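Undergrad: what's the 3D shape of this:
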Amino acid sequence: MNSNLNLGSFAAAMGIAIVLLICYEYYWHTVKHWPRSYDLESLDHWSEWRDKMDDAGSDDVVIMGSSRAHFDINIHLWDSITGTRPYMLAYPGSSPFHPLADVIEKSDFNGLLVVGVAPGLFYTLGDTWGAGRGKAFVEHRYKRTYAQKLNHAIYKRIDPLLGYTDPTINMEALVDRMPFPNRDSVKNPPAWPPMVRMDKYRNVRMTPFFEQDSVLQQRQKDIWFGPDEPERKNKLADSIDVIMDYYSDIFQKHLDKGGKLAILRPPVSGKYLETEGKLFPREKYWDRLVQSVDAFSFHYADHPATKNMDPPEWSHLDRHDSDVYTRTLIQLLQDQNLLK
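TA: Alright, predicted model coming up:
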C-alpha cells in the first residue's frame, strides 16, 4: 500500500511539473517570443571554441579581449563580407592577459589576431580581477572532466529548445530580477537586465527591448556607476612597465610566427569615457601600447564613422552601431592587406 502511495505521489508531482513546464515554454516561445541565448559566461562554451581554434590556419581570424570586443564585433556579418567567420574568444569581465599566452604559446595559430582593449580590464596582470578571471577559464579548459564535457554536449542540444534553461529567463534569473524592497541591514544586489543574447558561435547581439528601454539602460548604468560605487582609482601605476613589457613580448611572439595583429580600442561614452580618460590617459597607455609593437591599431576616436558612437549603457554598442563598427574594422584591415 505504501509503495503504491509513493508511486502515485511521484506520478502526480511529475504530471504537475510537466504541465507547468509546458505552460512556461508556451509563454516564452509563443507569447513573449523571447530570443534564445546561450550562457554568456559558460566556461565550457569558451573551451569548446578554444579547442576548435587549434585547427585555425593562416587565413583565419581569432578575436580576444573582454566584453567590448565580444559584443561590438558581429562575426556573422564578418563572415558574410569576408567569407571567414572569426573564432570569438573574447570573454566578458576579463583581461586577455592569460588567454593570449595560451593561444600564442600553446598553438600553431599564425593568422590574424584581433585584440580588444578595455582599459580597466586589459591593464591588469597575474591574479587580479580582470587577469585572474581570464586565467580561470584558461585553466578550466585543461582541467575539464569527461563528465563536464558530456554535460556541455547535452546542454548544447537542449538549450536552444527550452526557455527554462535560458540564463536570461530561467527561474533563478526571474527571481533575481523581482523588485523586492531593501530592508534594515539587508540590501538586494543589483539585478542585471537582459542586455544581450549569445548564439552557439559565441556571437553576441544586443536585444531589441534593451535598445528601446531607457529604464533597462539606466539600470545597467547604475550597475556600472551606481550611487554606492567605490571611487575608481588607478592602482596599476607601479605595474604599467610590467604590463607593457608583457604585451609587447607576447605580441612579438605571434608576429615572429608569421602571424598578423590588430589592436582595437572600442567605443565608449558617458562616465566610461570620462573615467577611463582620467585613469588611463591615452598617451600613457594606448599610445605606449601601440608603439611597443609593429602592428595595426584602431582607436575608435580616430575614425569619423566611430568617433561619435554612443553606446546605450556607455560601454557596448547596439546592433546598428555594432554592424557599422564591424564593417569599418573590416575595411581598415583590408586596406592594410591584413584581410583578403
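
Undergrad: Ends of stretch 25-38, what's the gap?
TA: End-to-end distance for stretch 25-38: 16 Å, by Cα to Cα, to the nearest Å.

Undergrad: before we move on, what about stretch 174-194?
TA: End residues of stretch 174-194 are separated by 10 Å (Cα to Cα).

Undergrad: ditto for stretch 277-291
TA: Stretch 277-291: ends 19 Å apart by Cα to Cα.

Undergrad: Report the residue spans of the stretch 51-200 of the chain with pLDDT below the cut-off.
TA: Where the stretch 51-200 of the chain drops to pLDDT under 70, the residues are 164, 173, 175-189.

Undergrad: Could you point out the helix or strand that follows the helix or strand hosting Glu25?
TA: Counting by DSSP states H and E, the element that carries Glu25 is helix 2-26. Going down the chain from helix 2-26, the next helix or strand is helix 43-53, by DSSP H and E.

Undergrad: what's that next one packed up against?
TA: Under the contact criterion of 3 or more Cβ pairs under 8 Å, 6 or more residues apart in numbering; DSSP states H and E, helix 43-53 touches strand 87-88, helix 97-105, helix 129-143, helix 146-158. Using the backbone N, CA and C atoms, a C-beta is placed for each residue, glycine as well.

Undergrad: Let me know which of the ones you listed is the nearest to Ala17.
TA: helix 146-158 (16.2 Å; Cβ to Cβ).

Undergrad: who's in contact with that closest one?
TA: Applying Cβ atoms under 8 Å, 6 or more residues apart in numbering, the external contacts of helix 146-158 come out as 38, 42, 44-45, 48, 165, 200.

Undergrad: let's see it at 10 Å
TA: With contact meaning Cβ atoms under 10 Å, 6 or more residues apart in numbering, helix 146-158 is reached by 38-39, 42-45, 47-48, 51, 140, 144-145, 159, 164-165, 200.

Undergrad: can you pull out the helices in the stretch 151-300 of the chain?
TA: Counting by DSSP state H, counting those that start in this stretch, the stretch 151-300 of the chain has helices at residues 171-176, 208-212, 214-224, 240-256, 270-279, 286-291.

Undergrad: Which members of the contacts of helix 146-158 are classed as buried?
TA: 38-39, 42-45, 47-48, 140, 144, 159 (16 or more other Cβ atoms under 10 Å).

Undergrad: can I get these in a markdown table with distance to Thr326?
TA: Formatted as a markdown table, these follow (distance: Cβ to Cβ, whole Å):
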| residue | distance to Thr326 |
| --- | --- |
| Tyr38 | 20 |
| Asp39 | 24 |
| Ser42 | 23 |
| Leu43 | 26 |
| Asp44 | 26 |
| His45 | 21 |
| Ser47 | 25 |
| Glu48 | 23 |
| His140 | 29 |
| Arg144 | 31 |
| Asp159 | 26 |
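
Undergrad: And those residues, which is closest to Asp318?
TA: Closest to Asp318 out of the buried ones among the contacts of helix 146-158 is Tyr38 (20.2 Å), distances taken as Cβ to Cβ.

Undergrad: Next, work out how far apart the closest one and His140 are.
TA: Tyr38 is 16 Å from His140, where distance means Cβ to Cβ, to the nearest Å.

Undergrad: What of Asp79?
TA: Remark: distance between Asp79 and His140 (Cβ to Cβ) = 27 Å.

Undergrad: closest to Asn110 out of the helices of the stretch 151-300 of the chain?
TA: helix 240-256 (7.5 Å).

Undergrad: Extract the CA atoms of the closest one and return them as CSV.
TA: The C-alpha coordinates for helix 240-256 follow below in CSV (Å, rounded to 0.1, in the frame of the first residue of the first chain):
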residue,chain,number,x,y,z
ILE,A,240,52.5,49.7,-16.0
ASP,A,241,56.0,48.8,-17.1
VAL,A,242,55.5,45.1,-16.4
ILE,A,243,52.2,45.1,-18.2
MET,A,244,53.5,46.9,-21.3
ASP,A,245,56.6,44.6,-21.5
TYR,A,246,54.4,41.6,-21.2
TYR,A,247,52.1,42.6,-24.1
SER,A,248,55.0,43.7,-26.2
ASP,A,249,56.7,40.3,-25.7
ILE,A,250,53.6,38.2,-26.3
PHE,A,251,52.5,40.1,-29.3
GLN,A,252,56.0,39.9,-30.8
LYS,A,253,55.9,36.1,-30.4
HIS,A,254,52.8,36.0,-32.5
LEU,A,255,54.4,38.2,-35.2
ASP,A,256,57.6,36.1,-35.2
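
Undergrad: Can you give me the neighbour number for Gly163?
TA: For Gly163, the count of nearby residues is 20 (other Cβ atoms under 10 Å).

Undergrad: hmm, I was thinking of Glu276
TA: As a burial measure, Glu276 scores 20 neighbours (other Cβ under 10 Å).

Undergrad: got it, and Gln336?
TA: Neighbourhood size, Gln336 [other Cβ under 10 Å]: 13.

Undergrad: Let me see the backbone angles for it.
TA: Backbone torsions of Gln336, given as degrees, to the nearest 10, read phi -90, psi 10.

Undergrad: Now for the residue lying closest to it once chain neighbours are set aside: which residues touch it?
TA: Using Cβ to Cβ, 6 or more residues apart in numbering and skipping residues adjacent in sequence, the residue nearest Gln336 is Phe296, 5.2 Å away. Shown in contact with Phe296 (Cβ under 10 Å, 6+ apart): 112, 114, 260-264, 290, 332-333, 335-338.
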